[in-house]
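[1] Model the structure of this input:
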Amino acid sequence: MSQHDYTIDNQSFPSFRTDLNNALSAINSTNSGSSRPSSAVAGTIWLDTSGVATSQLLKLYDGADDILLGTVNFTANTVDWTDSAITLGANSVDSDQYVDGSIDTIHIGDSQITVGKMATNSVDSDQYVDGSIDTAHIADSTVSLAKLTATGTKDATTFLRGDNTFAAAGGGGKVLQVVSVNKTDTFSSSSTSFTDITGLTATITPSATSSKILVNVSIYAGGDGGARYGYKLVRVSTDISLGDAASSRTRSTAAGLSTDGQSIVSQPIVFLDSPSSTSSTTYKIQGRSESGNNFMVNRSSTDTDSANVFRLPSTITLIEIGV
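    Model (predicted):
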């Protein structure tokens, strides 16, 4: 790196050669130096080495001042040219010069984008506007269960409810199963405490803890003349559907009075139970009579052997209701 005044004096040959080589060295090093060459004239380009060795300034002397042309980066082997206003000719910028996202809708003419201008698969979900796809543009059988946002288990055993939730088939007030026992034989007892009526027992296993069990019982009851009797609905060992306690009065589910020994009275029981269980659950009917009297099921007290005296069936039915 060097500079020269570019004046070759008359001199002997060895000195002339040295002076000429120095001038050529200055040209070869772009007039490098820490200050402008003393011989600079308008149009002289020189390399300012006054800064760091890895980054030097390329300048043009205009006869009055030095104009910075760019910075030579010796580490990156690049020249960072100084920005300046550039006037572009018509059609001088094509797609190679566009920066991604640099063209907004204001600079696109109406009706200028056609299907033919769009590359295959060039539009994906990032380009969709919310609400821009209507049902006319969704092909039949293209929306699978996996694409639905509804909650719950999505499979062949469930259905989609109006609240965008998948529920088990048969849920929401549907009958899931029915268990029914029909007692056709008779029963009698003089017990004054509630005792099991044989044959009026039914067992059900709920399919869900949320299920309800609708209990329907029809008892044909009789008793000794003037006798009072009562019946109680029991789930496993728990009394259910009883009247409120009131002093010494007996709480029961149903009760009756036999005005004479020939009467048979239907005693219906209907109760919607919530067992909150998926285990096998037994429902049964218990009965009792007042002291010194008998109560009967499916027959009268007198039970005379006559075509005008009747035998009847009693039933207990359990219906699981899905919730």
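
[2] Can you name the residues in contact with stretch 34-42?
    Stretch 34-42 has contacts (CB atoms under 8 Å, 6 or more residues apart in numbering) with 3-7, 26, 31, 44, 46, 48-50, 59, 61-63, 66. Just so you know, the C-beta spots here come from the backbone N, C-alpha and C atoms, and that holds for glycine as well.

[3] So which of these sit within helices?
    The members of the contacts of stretch 34-42 that map onto helices under DSSP state H are Ala26.

[4] I only care about the contacts of stretch 34-42 that end up buried; give me the ChimeraX line for that.
    Remark: buried members of the contacts of stretch 34-42, expressed as a ChimeraX selection using 16 or more other CB atoms under 10 Å:
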select :3,4,26,31,44,46,48,49,59,61,66
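
[5] tell me the SS of Gly287?
    strand (DSSP: H, G, I helix; E, B strand; the rest coil).

[6] for it, what are its contacts?
    Listed by CB under 8 Å, 6+ apart, the contact set of Gly287 reads 189, 191, 194-195, 197, 221, 229-232, 295, 297.

[7] if we go to 7 Å?
    Residues near Gly287 by CB atoms under 7 Å, 6 or more residues apart in numbering: 189, 194-195, 197, 229-231, 295.

[8] For my notes, please list those residues in JSON lines and give secondary structure and neighbour count for each entry.
    Formatted as JSON lines, those follow (DSSP: H, G, I helix; E, B strand; the rest coil; neighbours: other CB atoms under 10 Å):
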{"residue": "Ser189", "secondary structure": "strand", "neighbour count": "20"}
{"residue": "Phe194", "secondary structure": "coil", "neighbour count": "18"}
{"residue": "Thr195", "secondary structure": "strand", "neighbour count": "16"}
{"residue": "Ile197", "secondary structure": "strand", "neighbour count": "24"}
{"residue": "Tyr229", "secondary structure": "strand", "neighbour count": "26"}
{"residue": "Gly230", "secondary structure": "strand", "neighbour count": "21"}
{"residue": "Tyr231", "secondary structure": "strand", "neighbour count": "23"}
{"residue": "Phe295", "secondary structure": "strand", "neighbour count": "27"}
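
[9] can you redo these as a markdown table with distance to Thr253?
    Listed next are the contacts of Gly287 as a markdown table, based on distance: CB to CB, whole Å:
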| residue | distance to Thr253 |
| --- | --- |
| Ser189 | 17 |
| Phe194 | 10 |
| Thr195 | 14 |
| Ile197 | 12 |
| Tyr229 | 12 |
| Gly230 | 8 |
| Tyr231 | 6 |
| Phe295 | 14 |
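
[10] end-to-end on stretch 24-40?
    This stretch, stretch 24-40, spans 15 Å end to end (CA to CA, to the nearest Å).

[11] And that stretch, what's buried?
    Neighbour-count burial for stretch 24-40 flags 26, 29-33, 36-37, 40 (criterion: 16+ other CB under 10 Å).

[12] Kindly report the same for stretch 233-244.
    233-235, 240-241.

[13] nearest to Gly261, of those?
    Proximity of the buried residues of stretch 233-244 to Gly261 (CB to CB) peaks at Leu233, which lies at 26.4 Å.

[14] Bridged to Ser55, which residues?
    With DSSP bridges as the criterion, Ser55 is bridged to Asn73.

[15] So for the strand ranked longest in the chain, what gets flagged as buried?
    Longest strand in the chain by number of residues (criterion: DSSP state E): strand 212-223. Using 16+ other CB under 10 Å as the test for burial, strand 212-223 gives 212-213, 215, 217-223.

[16] Report pLDDT for Ser289.
    pLDDT recorded at Ser289 is 94.

[17] neighbours around it, how many?
    Using other CB atoms under 10 Å, Ser289 is surrounded by 22 other residues.

[18] What residues are bridge-paired with it?
    For Ser289, the beta-bridge partners are Tyr229 (DSSP bridges).

[19] Pretty sure it sits against Gly230.
    No. Counting by CB atoms under 7 Å, Ser289 does not reach Gly230; the two are 8.2 Å apart.

[20] pLDDT-wise, which helix or strand of this protein ranks last?
    Using mean pLDDT, DSSP states H and E, strand 166-168 stands out as the lowest-scoring helix or strand of the chain, at a mean of 74.

[21] Take the buried residues of stretch 233-244 and keep only those in strands.
    Among these, the members falling in strands (DSSP E) are 233-235, 240.

[22] Could you dump the contacts of Gly287 into JSON lines and include pLDDT and distance to Asp140?
    Putting these into JSON lines (pLDDT from 0 to 100; distance: CB to CB, whole Å) gives the following:
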{"residue": "Ser189", "pLDDT": "95", "distance to Asp140": "68"}
{"residue": "Phe194", "pLDDT": "97", "distance to Asp140": "64"}
{"residue": "Thr195", "pLDDT": "97", "distance to Asp140": "66"}
{"residue": "Ile197", "pLDDT": "97", "distance to Asp140": "60"}
{"residue": "Tyr229", "pLDDT": "94", "distance to Asp140": "67"}
{"residue": "Gly230", "pLDDT": "95", "distance to Asp140": "64"}
{"residue": "Tyr231", "pLDDT": "96", "distance to Asp140": "60"}
{"residue": "Phe295", "pLDDT": "94", "distance to Asp140": "68"}
